[in-house]
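Engineer: please find the sequence and the predicted model below.
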Amino acid sequence: MPVQLEGSKVDSLIQLERKKWDDEILLDICNERDRKLIKKIPLLAQEGEDAWYWLPDEEGYFTVRSCYRLLQGEIENSHAQFWNKLWGLKLPGKITHFLWRVCSACMPTDVHLAAKWV
C-alpha cells in the first residue's frame with residue numbers, strides 16, 4: 001500500500017463527478033484480479049447522504065435498551081417478520097426468489113444497470 005493512501009477511504013478510488021471507478025488509481029494500487037472485482041461493484045447513480053438508522057427504535061437511534069428489548073422479544077423486527085412470511089409462502093422457489101429480488105431492490109432494472117455500467 002502506498003504511504004500516501006494510508007487511511008484513505010473508498011471514495012478516493014471513485015471519480016465522483018463521473019460516478020465511476022478511477023482506472024488510473026486502481027491500476028496503480030491493485031492487481032488485475034482485484035481491479036476486475038472492484039469494477040464489478042456497482043456505484044449508485046443517485047445522490048444522497050447515507051445514514052445509520054435503527055429500525056426497531058421509533059426515532060431511529062440505537063440504544064442498548066432497544067437492542068435488549070428486541071432480543072427479549074418485547075419489540076418486533078418488522079423486516080424479519082416480512083421476510084419470514086415471504087419465505088414461508090407455498091410458492092415455487094423461483095417465484096419466491098423473484099419476489100425477494102424485487103423487494104430487496106436486486107432486480108437488474110434500467111437504474112441498476114445504468115449505475116453498474118456508467
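Structural biologist: Cool, the structure landed. Keep in mind the model is a prediction, meaning the values are calculated, not measured.
Engineer: which secondary element of the protein has the worst mean pLDDT?
Structural biologist: The helix or strand of the chain with the lowest confidence, counting by mean pLDDT, DSSP states H and E, is helix 110-117 at a mean of 66.
Engineer: below-threshold pLDDT in the chain: ranges please.
Structural biologist: Applying pLDDT under 70 to the chain flags residues 1-2, 44-51, 53, 76-81, 110-118.
Engineer: in it, which spans are helices?
Structural biologist: With DSSP state H as the criterion, the chain has helices at 23-29, 32-39, 64-71, 78-88, 93-103, 110-117.
Engineer: the nearest residue to Trp54 once chain neighbours are set aside and Phe82, how far apart?
Structural biologist: Of all residues not flanking Trp54 in the chain, Phe62 sits nearest, at 4.0 Å (CB to CB, 6 or more residues apart in numbering). Bear in mind the C-beta positions are built from the backbone N, C-alpha and C, glycine included. According to CB to CB, to the nearest Å, Phe62 and Phe82 sit 21 Å apart.
Engineer: go on, Glu58?
Structural biologist: 18 Å.
Engineer: with Lys94 instead?
Structural biologist: 20 Å.
Engineer: those two: who's more crowded?
Structural biologist: More crowded of Lys94 and Phe82, by other CB atoms under 10 Å: Phe82, with 11 against 8.
Engineer: can I get the helices of the chain in TSV with distance to Ser8?
Structural biologist: What follows is those, written out as TSV (distance: least, CB to CB, whole Å):
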stretch	distance to Ser8
helix 23-29	10
helix 32-39	14
helix 64-71	32
helix 78-88	33
helix 93-103	33
helix 110-117	23
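Engineer: any idea which of those helices gets closest to Gly7?
Structural biologist: Closest approach to Gly7 among those (CB to CB): helix 23-29, 13.9 Å.
Engineer: which secondary structure elements does that closest one sit against?
Structural biologist: Judged by 3 or more CB pairs under 8 Å, 6 or more residues apart in numbering; DSSP states H and E, helix 23-29 is in contact with helix 32-39.
Engineer: who's in contact with the helix it packs on?
Structural biologist: Contacts to helix 32-39, defined as CB atoms under 8 Å, 6 or more residues apart in numbering, come from residues Leu13, Trp21, Leu26, Leu27, Cys30.
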